[in-house]
Structure formats: structure tokens, C-alpha cells
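Participant: got a predicted model here, sequence first, then my questions.
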Amino acid sequence: MSKFSYKAVNQQGKEVNGSIEANSQVEATGLLRSKSYQVLRVEVAAGSMTMPQILSKIKNAVSVKRYTKPGAADHVLLFRQLALMLRAGNTLMQGLELCSEMTEKLQMRKALVNILVSIQGGASFAVAIEREGKKFPPIVAKLIASGEASGELQATLERLAESVQRDAALKRQFIASMIYPSMVTLAAIGVTLFLAISIVPKFAKMLEGKSQSLPGSTQLMMDVSAWLIDNGLFLGIGIGGGIFLLLAAYTTKGGKRVIDGWLLYVPFIGSSLRSSGMAQMGWTMSLLLGSGLTVLESLRVVGSIIDNVRLSQCFSYAGNQILSGRSLASGLQQPQIPLMVQHMAGIGERSGELENVMKELGQYYQDQSETRIKKMIAMIEPAMTLLIGGLVGFVYLAFFKAMMQVSAG
């Protein structure tokens, strides 16, 4: 028999630590559960570990992934596992206990332990999650509360997993669409600097001492190169300082609101942000309304999960308008909200099919977002190719003209 150390929650809701002898980790867990303990962790005691077990423990301890913050993928996995365990006949406490054992990330495990302790102390699942603050999206506590009230927690967890996965996919699409243009732009800047600092000065040195005047394109190229060599350091410091100030301003509430507002009017980026925001709004509103939440509560949740502050404020404002007695359609009559959303919201209110209308809007704007991203990439690729090719071509043309004039002279 081996000795296992454990951490569990007793019937009074207090954490207990100790050790137990058993033939395997599964048997040790079973013995603890027979004592009405909610098992949080069971592992081989340090004194009785074999060399492979020691090496495995060291490998887990130095894993970077173990210490990272839980992301959307971790939340999706948790909700799917919980739904599966509830469907298999396990209680919520048993499901949470098993999930805490299986998760690799320490922050997620700590959150699940805190949730178990809170439930053991008499709190509901929704309240226990809400106490964890930003470790879970705001929509989670709201949906689980409605699932607990209706007795459909398993179905709610499955819908929640789909919602979180869909939102994460939208964000990944937008970020991926920005990576390619950014890399090509950096390549264009790198090519320009290489030509201006490395190639052109050698060319200028070769032409020194020639009495005849150079072609205009050649002289322009040499003047720009000389200016960059003389002032490039100050230019780099200025650009770097500007980027730093923008990023610093983005960490403040006022700065983020202003910058997010500007981004909505940037060509391609603004339309993509609007489309992804409306898709997220449509799917979330449909999910929340279908779970029994009111329009006002749904708008408040949507306002808390939209990343763009300016769009988020639009939905918060619409919620305040509903409180003052106005309709959803009139509350959404704002410049940042597309006319289609305003009109469709009005149709959904009048017909009593707001949930289905929001679902259709979510699907429409998700498709539109994907189309815009593909179109943006399709337009940027040839534009960047022409830009880089034009820079290189200009240098070679200027070089060729100068060589022809010098040889003719």
C-alpha cells in the first residue's frame, strides 16, 4: 500500500489536509468520499513516491501552462465536463470535485475549490461563481442562475459552452485578420530602412565626385536616405514614444473610451469591429432571453462583455432608456448601432419573437464579419505587394537612370 496526501472539504465546509493509505489514487479518493469528504486533491505522499512519479511531479511544477490565467478554452472545457457529469448522474458537487482534480491550471483549481467551499457553506452555484469576480465572464453567473431556477442546469451549461466558444472564435478571427497586415507593414518598413540606410549610401558614395547633375529621382532618393540617417534616431524615438503614450492612455478608462471610439471610424477595422460586436450582441441576447432573463438584464450583460467600450456604452444606454419607459428599438437608435439592428429589434418587439430575431442577427453579423475579414485580407495583400515592389523598383530605377547618365557623360 502507498501513502497519499489529500486536501478536502468536510461536512462543515472547512478545508482539511491529511494523509491516507491505499493501493491507488482512485482507492484513496473513494475512501475519502465514503467519509463524506469533498475531495479537492489526492497525490502520492513525498516519502513514498517512486522516481518516475518524482520526475512527473517536477515536470508539472515547471510547466508554464500550469501558472497561466484560465482562458476561454478552459471555461469551455469546464462547462462541457460539468454538463457531461450531470448527464451521467453525478451531483454538482461531485462534478466540481472531479473537475478540480482534472484541471491543470492552478488558478482554475483554486477557483473551483473556492466554489466548492461556498456551495458547502450554503451558497448557490451562481452566487459562488459570482464571488470569483473576473475569473469567469459576467454572462456565466447570470445563465447559471437561470439554469438553477428552471432546473435545466445541464442544458444551460451546454449552451454556455457554445456561447463562450463562439465568442472566442470571433475574437480569434479578428486578431488573425490583423496579424497578416501588421507583419506585411513591418516588412515594408524593414525593406525601406534597409534600402535607405545600407544600399543607397553606398550608391551615393560611388557617385561622389561626378560633376554632372543627377536625375531628379536619384537625387530625391539620396536626399531621403541622408535625412533618415541624420534624423532616423529621433524619428524612431518619436514614433516609439507616441505608441507608448497611446498604449498608456488605453489602460485608462477615458483613454480607452476615446481610442475605441476612433477605431470604429478606421477603414476596414471599424466595420470589422462593428460586425463582430453585433454578432456577439445577437448571440448573447438570444441566449439570455431564451434562459428567462429580461431585456434590461440581457442588455446589461451584453454591455459588460463587449470589449469595445464605445459599443458597450451603447447597450448600457439602451438599458437606461428601457428603464425610462422607451422601447429597445428606440434605445438602440445611436450612430454606432447599425440601422439593421435598430429595425430588427423593433420587429422582434412587436412580433414577440425577439429571441429568434437576435439569433438571426447574430448569425448574419458573424457571417458578415467573416466576409469582411476575408475581403480585407484579399485587398491588403496586393496593396502591400505593390508598396514593397514600388519601393524596390523606385530604388532600382533611380540607380539605373544615374548609371546611364554617368556612363553617357
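Facilitator: Nice, I can see it. Here the structure is a predicted model, which means the values were calculated and not measured. Numbering: from 1, shown residues only.

Participant: per-residue pLDDT of residue 310, please?
Facilitator: Note on residue 310: pLDDT of 90.

Participant: what about it, how many residues nearby?
Facilitator: Around residue 310 there are 20 other residues, counting by other C-beta atoms under 10 Å. C-betas here are computed from N, CA, C, even on glycine.

Participant: which of the residues in whichever strand or helix holds it are buried?
Facilitator: Per DSSP states H and E, residue 310 falls inside helix 309-323. For helix 309-323, a neighbour-count test (16 or more other C-beta atoms under 10 Å) marks 309, 310, 311, 312, 313, 314, 315, 316, 318, 319, 321, 322 as buried.

Participant: for that helix, packing partners?
Facilitator: Where contact means 3 or more C-beta pairs under 8 Å, 6 or more residues apart in numbering; DSSP states H and E, helix 309-323 is packed against helix 253-263, helix 269-290, helix 295-305, helix 328-331.

Participant: with only the CA atoms kept, save it in CSV.
Facilitator: Coordinates of each C-alpha in helix 309-323 appear next as CSV, following Å, rounded to 0.1, in the frame of the first residue of the first chain:
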residue,chain,number,x,y,z
VAL,A,309,-16.0,50.5,-24.7
ARG,A,310,-17.9,52.7,-27.1
LEU,A,311,-20.1,49.9,-28.3
SER,A,312,-20.5,48.7,-24.7
GLN,A,313,-21.8,52.1,-23.7
CYS,A,314,-24.4,52.0,-26.4
PHE,A,315,-26.0,48.9,-24.9
SER,A,316,-25.8,50.3,-21.4
TYR,A,317,-27.5,53.5,-22.7
ALA,A,318,-30.2,51.4,-24.3
GLY,A,319,-30.8,49.7,-21.0
ASN,A,320,-31.2,53.0,-19.3
GLN,A,321,-33.7,54.1,-22.0
ILE,A,322,-35.8,51.0,-21.3
LEU,A,323,-35.8,51.9,-17.6
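
Participant: what residues does that helix touch?
Facilitator: For helix 309-323, the external contacting residues (C-beta atoms under 8 Å, 6 or more residues apart in numbering) are 253, 256-257, 260-261, 264, 273-274, 277, 281, 295-296, 299-300, 302-304, 306, 328, 330-332, 334, 336-337.

Participant: mind checking which of those residues are buried?
Facilitator: Among the contacts of helix 309-323, those buried by neighbour count (16+ other C-beta under 10 Å) are 256, 260-261, 264, 273-274, 277, 281, 295-296, 299-300, 302-303, 306, 328, 331-332, 334, 336-337.

Participant: report pLDDT for residue 23.
Facilitator: 69.

Participant: quick one: residue 402 and residue 221, what's the gap?
Facilitator: If you measure residue 402 against residue 221 using C-beta to C-beta, to the nearest Å, the figure is 9 Å.

Participant: where does the stretch 51-200 of the chain dip in pLDDT?
Facilitator: When residues are selected by pLDDT under 70, those of the stretch 51-200 of the chain lie in 51-67.

Participant: in the chain, which helix is the longest?
Facilitator: helix 354-408 (DSSP state H).

Participant: can you map out the strands along the stretch 1-150 of the chain?
Facilitator: 2-9, 15-22, 38-44 (DSSP state E, counting those that start in this stretch).

Participant: now these in CSV, with distance to residue 344?
Facilitator: Below are these laid out as CSV (distance: least, C-beta to C-beta, whole Å):
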stretch, distance to residue 344
strand 2-9, 48
strand 15-22, 51
strand 38-44, 47
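
Participant: would TSV of these with distance to residue 353 and mean neighbour count be doable?
Facilitator: Below are the strands of the stretch 1-150 of the chain laid out as TSV (distance: least, C-beta to C-beta, whole Å; neighbours: other C-beta atoms under 10 Å):
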stretch	distance to residue 353	mean neighbour count
strand 2-9	46	19
strand 15-22	49	14
strand 38-44	44	20
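
Participant: CSV please, covering the helices and strands packed on helix 309-323 and showing mean pLDDT.
Facilitator: Output for those, formatted as CSV (pLDDT from 0 to 100):
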stretch, mean pLDDT
helix 253-263, 88
helix 269-290, 86
helix 295-305, 87
helix 328-331, 89
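
Participant: between these, which one is closest to residue 171.
Facilitator: When these are compared by C-beta to C-beta, helix 269-290 sits nearest residue 171, at 7.5 Å.

Participant: just want the angle from that closest one to helix 295-305.
Facilitator: Relative orientation of helix 269-290 versus helix 295-305 (axes from the mean of the first three to the mean of the last three C-alpha atoms, to 10 degrees): 140 degrees.

Participant: remind me what helix 269-290 packs against, helices and strands.
Facilitator: Judged by 3+ C-beta pairs under 8 Å, 6+ apart, the packing partners of helix 269-290 are helix 138-150, helix 153-194, helix 253-263, helix 295-305, helix 309-323, helix 354-408.

Participant: for residue 68, find the nearest of those helices.
Facilitator: Closest to residue 68 of those, according to C-beta to C-beta: helix 153-194, at 15.4 Å.

Participant: just checking, next helix/strand downstream of that closest one?
Facilitator: By DSSP H and E, the next helix or strand past helix 153-194 is helix 200-207.

Participant: what residues are up against residue 68?
Facilitator: Applying C-beta under 8 Å, 6+ apart, the residues near residue 68 are 105, 107.

Participant: now stretch 265-282: buried residues?
Facilitator: Applying 16+ other C-beta under 10 Å to stretch 265-282 flags 268-282 as buried.

Participant: with respect to residue 371, which of those residues is nearest?
Facilitator: Relative to residue 371, the closest of the buried residues of stretch 265-282 is residue 275; by C-beta to C-beta it sits at 8.6 Å.
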